[in-house]
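> return a 3D structure for these sequence lines:
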Amino acid sequence: MTQPRLTIRAHMEIIAHEAIVFEAYKCSAGKWTWGVGVTNSSGHIVHPRYFQRPTSLTRCLEVYEWLVRTKYLPEVLRAFRGRQLTEAQLAAALSFHWNTGAIDRAAWVNSFLAGRTAQARREFMNWRNPPEIIRRREAERDLFFDGRWTNRGTRARIIHRVNPRPPHNPVWSSAVMTEIGPQLREVLARAERG
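Presented below is the predicted three-dimensional model:
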């Protein structure tokens, strides 16, 4: 099976669940995070690389695209064992895996593959920690099983400041909804050209 090409809409569904932050910060779980929700566990080292060293939107999107293409998308496709997924199902599964890193051990995937859709739908919500993730998980579940998209357009929340002192959390008041469509399209086109 050839690797599917993700649509802008699928990418934006994932990006909309994250905030884009140009320098390393600590997320609510205490993990160093940067860009479009990238942590060290992705294989791309964000701390100390981006600690108090802001980057550009383009750099954040380049790393995001590279990780999706080379790590997260292949892992999702392997977990579904060649099963053809709709655009919505692929976007939802990828968003789930981007956030949890657990597509290969999520019971809902095996239930879905076995045709136990109602059970898979319930099991999707087993991944609800920390509590602030519940709305995202519900949106991913509804996208996967009902084709209900939550994101509209190509605007993303960009947080421009991080607290320079512990706990190094994002300064939420610095968030600005920003049009990122042109930059995302350019990054995707460059990746496609190789």
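> switch to C-alpha atoms for all contacts and neighbour counts from now on
OK.
> helices of the chain, start to end?
For the chain, helices defined by DSSP state H occupy the ranges 8-17, 57-67, 73-79, 87-100, 107-113, 117-124, 134-146, 181-193.
> out of these, nearest to N163?
For N163, the closest of the helices of the chain is helix 57-67, at 19.1 Å, according to Cα to Cα.
> is it possible to get TSV of the helices of the chain that adds distance to G153?
Putting those into TSV (distance: least, Cα to Cα, whole Å) gives the following:
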stretch	distance to G153
helix 8-17	8
helix 57-67	16
helix 73-79	22
helix 87-100	15
helix 107-113	28
helix 117-124	26
helix 134-146	16
helix 181-193	8
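> so which of these gets nearest R152?
R152 sits nearest to helix 8-17 of all these, at 8.1 Å, using Cα to Cα.
> in its sheet, which strands sit next to the lengthiest strand in the chain, and in what direction?
Longest strand of the chain, by residue count under DSSP state E: strand 20-26. Strand pairing for strand 20-26, using DSSP bridges, gives strand 32-36 (antiparallel), strand 155-159 (parallel).
> just the ones you listed: most buried one?
With neighbours taken as mean count of other Cα atoms under 10 Å, the strands paired with strand 20-26 reach their highest mean count in strand 32-36, at a mean of 26.
> got the contact list for that one?
Here strand 32-36 makes contact (Cα atoms under 8 Å, 6 or more residues apart in numbering) with 15, 18-27, 39-40, 46-47, 50, 57, 60-61, 64.
> in space, what's closest to I45 - neighbours in sequence excluded?
Excluding the flanking residues, the one nearest I45 by Cα to Cα, 6 or more residues apart in numbering is T39, at 7.1 Å.
> where's the one you found relative to A93, distance?
Using Cα to Cα, to the nearest Å, we find T39 at a distance of 19 Å from A93.
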